[in-house]
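>>> got a structure for you, letters missing:
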């Protein structure tokens, strides 16, 4: 899978996760808001408003009745309830209580019927106020009117009074009927009053003019009572019949029903919320479990990694051990290879010397074969043929006379011969000594362990040179020795010789390609600072390129075709084993190289 | 604290309160009620209402403001029998006083609206009065930065018809005339009225004036037929459409000649009287009332006493007696 598509998929999954989270959160918030909406309070408030309306309505009714029985003249209490109710109604209207859409039209209808009822009631109450006011006034005036008429009666003389007694009684009766009518309004009484009014009208004609006005007033007021009382009564009945309270009850019922519905919905949302919350909790628990599991997984992997690490360490340790072993094996083989090299040199040298031994022996043998001593035998034979006349023979015989000179010549020749053979034998003996030297030297190094022994560095250097002597002479290498005066030191002869042989061999090889100038090798022994000894082998050879400088002591590094690459490596190791150090320096390719071995200078005779 | 010290403290408090506070007489429990205190309303609205009350831009030709017909310095009503509309023609009804109008249970002679806001609304669009329309009024007012700013500061939605009406209504609620001598009497200061005036009040009650003129506004809380005890309009002659009162509104025979009972507060300064301004003086008005409403014939003395009483109903506005 390509990187970009993986990225885009990751982005999509992140987006998806975000959307899902948003969705869950908004659902939770929605359900919470839905279920936490406290509708009960608003319903209670609305019901409370309606209850207040009912109270005001009842108060209004009672004020109407109070006005009816003339307890009070103040009509403000008949106005204020309506104003208050209008205010409360507006308050109720402004509340958005109702929720059930099915019932909403009926709720509206109920509200409209209430408003119609309250308007009708207000209209009737206004009419009642008007009619009741004048009715009460007239009823209140009746006794006064009667008194006025009685006063008029009292004004006139007894005869006149007697004549008008009937009229007075009639008037009085009418008054009483009117008052009774005010209490119990009935058609019969109305008819009575009507008859009484008729009589009063007739009587009025027969009355003196002084009576005219009061009677007229009285009859006017009684007419008014007759007219207004049934009106007021019917208004009261109609007011009582206006179903304001019923409409309010209806509204309350509607509210209750609606609240029940809303509560049901509310409960439903509560349930939804509960279910949803449970789901969320389950989801969270699941996620927590997943998280814990992945923690456990991580821990497990960590532990496994740790274990693997430990195993790896052990394996590394083992491998390191193996490598160490291999290295020591290699060291051994290197040492053996070193020894083989030494042996090769030795054998080579020995071979060379043996050659001269062979030649010397051959020469001696040939000299002996062709020796002049045979001439001596022939001379003796001649002498033996002349045993008595030896003198004569020597003096007279021709042959005899030559014999003494021949013998003199023979003696000189044999003496010369012997001298040459002696010389040759001396040379032979020297060669044998050389071989003995080489072999003994080899014997003294082969298999030598790390034993510290007094070492004469100069002699050791010479030994090393001698081991390479054949090769050096073959390659026409001039060796320059610059040995400082150094006392015998305590050292590992074998390792030192190994290093030196190698270094000398390397120097010799480095100068193989050198043809334009004499091949010169310089060996230097110099005491260094801090009780060290510096032994360096310098050549004028091919030099070392800087890039090779760092790995020149590495195992397996070689620039030679037939090289095995652990000569310098084993030298370096050997140097380290002697608490020393092997370093190389070159000014660059073609400018020669210097290998310097630095070892501690421990005087022989002191305990290391 | 011990009981003794509590008692002592109570005694000291009682003493000090008794000494510190002037003796307040109990208000009288009458069918007539003292004027309530002027409500504390939003001063910004009141000020805006005051400006609008004097604002001729409410009328179609910028000639009439509320104050043109409601003279606050004198009576809150017009000194003319019939105020002149924007076109200079007299309106058919006598201008009622704006003073204490907020205490009336309905507005206008025929009580056709319940609120001061609605009253303002009607007057502005009445073709006989201001003759304008609300759209124009709102436009005209909005054109003035001063109004725009004032409305914006007072009402969230700036210059609207409802806000203009509300500001005016708010101002009108402050137009009460407190401190009339009769109010002081009702509040317990019985010494403030002369004996005559007290008799006058007694007659006012005895003759039944109180049947309609009662309550806090001494009227203004019910409708009444003009001519309960006789046909006033026949006697007056020249019947007019405006005499029909609420009938014009309801077409109900019951409402023929029915008007809102006007308040008697400041009645001494609000001549002429009645919807038709037919009574030029208080005496005439009282006579008409006796004859056509009460159906009584009082003595001249009683009438004088009642008139003396009525004159105690004159209150103050802006600290000055009307």
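Structure received. A quick note: this is a predicted structure, and the numbers were derived from the prediction, not measured.
>>> domains in chain A, by residue range?
A:1-33, A:132-241, A:451-600 (automatic domain parsing).
>>> so for the first one, mean pLDDT?
Read that as domain A:1-33. Domain A:1-33 carries an average pLDDT of 83.
>>> and what of the last one?
Looking at domain A:451-600 alone, the average pLDDT works out to 82.
>>> distance from that domain to the middle of the chain?
Its chain's average C-alpha position is 58 Å from that of domain A:451-600, according to C-alpha atoms, centre = their mean, to the nearest Å.
>>> got the residues of the stretch 1-150 of chain B near chain A?
Residues of the stretch 1-150 of chain B lying near chain A by C-beta under 8 Å from any C-beta of the partner chain: B:31, B:32, B:33, B:105, B:114. (Glycine included, C-beta is placed from N, CA and C.)
>>> same list (the domains of chain A) but as TSV, adding distance to residue B:159 and mean neighbour count.
As requested, these are exported to TSV (distance: least, C-beta to C-beta, whole Å; neighbours: other C-beta atoms under 10 Å in any protein chain shown):
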stretch	distance to residue B:159	mean neighbour count
domain A:1-33	38	11
domain A:132-241	43	17
domain A:451-600	96	18
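>>> and of those, who's closest to chain B?
Counting by C-beta to the nearest C-beta, chain B lies closest to domain A:132-241 out of those; the figure is 3.7 Å.
>>> the helices in the stretch 201-322 of chain B, which residues?
For the stretch 201-322 of chain B, applying DSSP state H, counting those that start in this stretch gives helices covering B:232-236, B:247-250, B:282-288, B:300-310.
>>> can you report how many residues lie near residue A:601?
The local packing count at residue A:601 equals 18, with neighbours defined by other C-beta atoms under 10 Å in any protein chain shown.
>>> before we move on, back to that, nearest to residue A:118, out of the helices of the stretch 201-322 of chain B?
Ranking the helices of the stretch 201-322 of chain B by their distance to residue A:118 (criterion: C-beta to C-beta) puts helix B:247-250 first, at 17.0 Å.
>>> who in chain A is up against chain B?
The interface of chain A toward chain B, taken as C-beta under 8 Å from any C-beta, is made up of A:72-76, A:78-79, A:83, A:86, A:126-127, A:129-130, A:133-134, A:136-138, A:140-141, A:213, A:217, A:220-221, A:224.
>>> okay, and which of those map to strands?
With strands identified by DSSP state E, none of the entries of the residues of chain A next to chain B belong to them.
>>> in helices, which of those residues appear?
Among these, DSSP state H puts A:76, A:78-79, A:83, A:86, A:126-127, A:129-130, A:133-134, A:136-138, A:140-141, A:213, A:217, A:220-221, A:224 in helices.
>>> and the helices in the stretch 501-608 of chain A?
A:546-549, A:567-577.
>>> identify whichever of the domains of chain A lies nearest to residue B:166.
Comparing the domains of chain A against residue B:166 with C-beta to C-beta, the closest turns out to be domain A:132-241 (32.9 Å).
>>> which residues of the stretch 251-400 of chain A score low on pLDDT?
Confidence mapping of the stretch 251-400 of chain A against pLDDT under 70 gives the ranges A:334-335, A:337-346, A:348-349, A:352.
>>> now do the SS call for the residue in it that chain B sits nearest to.
Proximity of the stretch 251-400 of chain A to chain B (C-beta to the nearest C-beta) peaks at residue A:251, 22.0 Å away. Under the three-state scheme (DSSP: H, G, I helix; E, B strand; the rest coil), the conformation of residue A:251 reads as helix.
>>> quick one: it from residue A:111, how far?
7 Å (C-beta to C-beta, to the nearest Å).
>>> got it, and residue B:170?
Between residue B:170 and residue A:111 the distance is 29 Å, computed by C-beta to C-beta.
>>> by contact count, what packs against the stretch of helix or strand residue A:237 belongs to?
Secondary structure assignment for residue A:237, by DSSP states H and E: helix A:209-241. Counting by 3 or more C-beta pairs under 8 Å, 6 or more residues apart in numbering or on different chains; DSSP states H and E, the packing neighbours recorded for helix A:209-241 are helix A:39-68, helix A:104-155, helix A:165-183, helix A:187-206.
>>> turn those into CSV, including mean pLDDT.
Output for the helices and strands packed on helix A:209-241, formatted as CSV (pLDDT from 0 to 100):
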stretch, mean pLDDT
helix A:39-68, 89
helix A:104-155, 89
helix A:165-183, 85
helix A:187-206, 86
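>>> what does the longest strand anywhere in chain A rub up against?
For chain A, the strand that runs over the most residues, judged by DSSP E, is strand A:519-528. For strand A:519-528, the external contacting residues (C-beta atoms under 8 Å, 6 or more residues apart in numbering or on different chains) are A:457-458, A:461, A:465, A:472, A:475-484, A:486, A:504, A:507-508, A:511, A:533-541, A:598, A:601.
>>> residue contacts, the residue of the stretch 51-200 of chain B found nearest chain A?
For the stretch 51-200 of chain B and chain A, the shortest gap (C-beta to the nearest C-beta) falls at residue B:105, measuring 4.3 Å. Under the criterion of C-beta under 8 Å, 6+ apart, the contact list for residue B:105 reads A:79, A:83, B:111, B:114, B:220, B:221, B:222, B:260.
>>> rebuild those residues as CSV, extending it with neighbour count, distance to residue B:287 and pLDDT.
As requested, the contacts of residue B:105 are arranged in CSV below (neighbours: other C-beta atoms under 10 Å in any protein chain shown; distance: C-beta to C-beta, whole Å; pLDDT from 0 to 100):
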residue, neighbour count, distance to residue B:287, pLDDT
A:79, 26, 29, 92
A:83, 14, 34, 91
B:111, 21, 25, 94
B:114, 16, 33, 92
B:220, 29, 22, 94
B:221, 27, 24, 93
B:222, 27, 22, 94
B:260, 25, 21, 96
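>>> hang on, the earlier thing: how about the contacts made by the residue of the stretch 251-400 of chain A closest to chain B?
Residues in contact with residue A:251, defined by C-beta under 8 Å, 6+ apart, are A:50, A:107, A:110, A:111, A:114.
>>> quick check: residue A:67 vs chain B, distance?
Counting by C-beta to the nearest C-beta, to the nearest Å, the gap from residue A:67 to chain B is 10 Å.
>>> that residue: neighbouring residues, count only.
The criterion is other C-beta under 10 Å. On that basis, residue A:67 has 23 neighbouring residues.
>>> my guess is it contacts residue A:75. True?
Yes: shown here, residue A:67 and residue A:75 form a contact pair, counting by C-beta atoms under 8 Å, at 6.7 Å.
>>> common neighbours of the two, please.
Listed contacts common to residue A:67 and residue A:75 are residue A:129; contacts here mean C-beta under 8 Å, 6+ apart.
>>> what separates the helix holding residue A:237 from the chain centre, distance-wise?
Between the mean C-alpha point of helix A:209-241 and the mean C-alpha point of its chain there is a distance of 101 Å (C-alpha atoms, centre = their mean).
>>> mean confidence (pLDDT) on that helix, please.
89.
>>> what's the closest non-adjacent residue to residue A:583?
Sequence neighbours aside, residue A:596 is the residue nearest to residue A:583 in space, at 5.2 Å (criterion: C-beta to C-beta, 6 or more residues apart in numbering or on different chains).
>>> same question, residue B:30
residue B:186 (6.2 Å).
>>> quick one: that neighbour from residue B:307, how far?
For residue B:186, the distance to residue B:307 - C-beta to C-beta - is 19 Å.
>>> try residue B:293
According to C-beta to C-beta, residue B:293 and residue B:307 sit 16 Å apart.
>>> neighbour count for those two, which is higher?
It is residue B:293, of residue B:293 and residue B:307, that has more neighbours when counted by other C-beta under 10 Å, with 25 against 20.
>>> what's the next secondary structure element after the helix or strand of chain B with the lowest mean pLDDT?
Taking mean pLDDT, DSSP states H and E as the measure, helix B:3-20 is the helix or strand of chain B with the lowest mean score, a mean of 48. On the C-terminal side of helix B:3-20, the nearest following helix or strand under DSSP H and E is helix B:43-53.
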